[in-house]
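*Asks:* Give me the fold of what follows.
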Amino acid sequence: MDCLFCKIVEGSIPSNKVFENENLLVFHDIVPAAPVHVLIIPKKHIDSMNEVTTEDLPLIAEIHQVAQQVAKDLGVNESGYRLINNCGPDSGQAVQHLHYHLLGGAKIGALTGISSSHQS
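*Replies:* Reported below is the predicted structural model:
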């Protein structure tokens, strides 16, 4: 498979990891759009939110639980953060692997350019 995120999961492409367990990997975006900008990805390859099945719902719940913990660990849980999932080409999803952006560390207005084009 020629998926950037699958290569990051397998370790053939390095990442600046924030969190990892058997199901998920969280790492810093290489072109951050906010002072805190990490990507949360499942280790299981799922193309996008459109391909999530009922079987995957516990994984989606785990992503949200990990997002809460990572926001706390990175010190943005109290001030606020944004959790974004881009789905499909019109949303800016360039990497066909389900992922979430967690952004914080500053007041976040209407963000543009939060797409998959930089590393996500």
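*Asks:* Next secondary structure after the helix ranked longest in the chain?
*Replies:* Identified as the longest helix of the chain according to DSSP state H is helix 57-73. As assigned by DSSP states H and E, the chain's next helix or strand after helix 57-73 is strand 81-84.
*Asks:* thinking again about what came up before, only the C-alpha atoms, please, for the longest helix of the chain, written as PDB.
*Replies:* Extracted in PDB, the C-alpha atoms of helix 57-73 (Å, rounded to 0.1, in the frame of the first residue of the first chain):
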ATOM      1  CA  LEU A  57     -17.300   2.600  15.900                       C
ATOM      2  CA  PRO A  58     -15.300   1.600  19.100                       C
ATOM      3  CA  LEU A  59     -12.200   2.900  17.300                       C
ATOM      4  CA  ILE A  60     -13.900   6.300  16.600                       C
ATOM      5  CA  ALA A  61     -14.800   6.500  20.200                       C
ATOM      6  CA  GLU A  62     -11.200   5.800  21.200                       C
ATOM      7  CA  ILE A  63     -10.000   8.500  18.900                       C
ATOM      8  CA  HIS A  64     -12.200  11.000  20.700                       C
ATOM      9  CA  GLN A  65     -11.000   9.800  24.100                       C
ATOM     10  CA  VAL A  66      -7.400  10.000  23.000                       C
ATOM     11  CA  ALA A  67      -8.100  13.500  21.700                       C
ATOM     12  CA  GLN A  68      -9.300  14.600  25.100                       C
ATOM     13  CA  GLN A  69      -6.200  13.100  26.800                       C
ATOM     14  CA  VAL A  70      -3.800  14.600  24.200                       C
ATOM     15  CA  ALA A  71      -5.400  18.000  24.500                       C
ATOM     16  CA  LYS A  72      -4.900  17.800  28.300                       C
ATOM     17  CA  ASP A  73      -1.300  16.600  27.900                       C
END
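*Asks:* Now do it, average pLDDT.
*Replies:* Mean pLDDT, helix 57-73: 98.
*Asks:* What are the boundaries of the helices in this structure?
*Replies:* For the chain, the helices defined by DSSP H occupy 4-10, 57-73.
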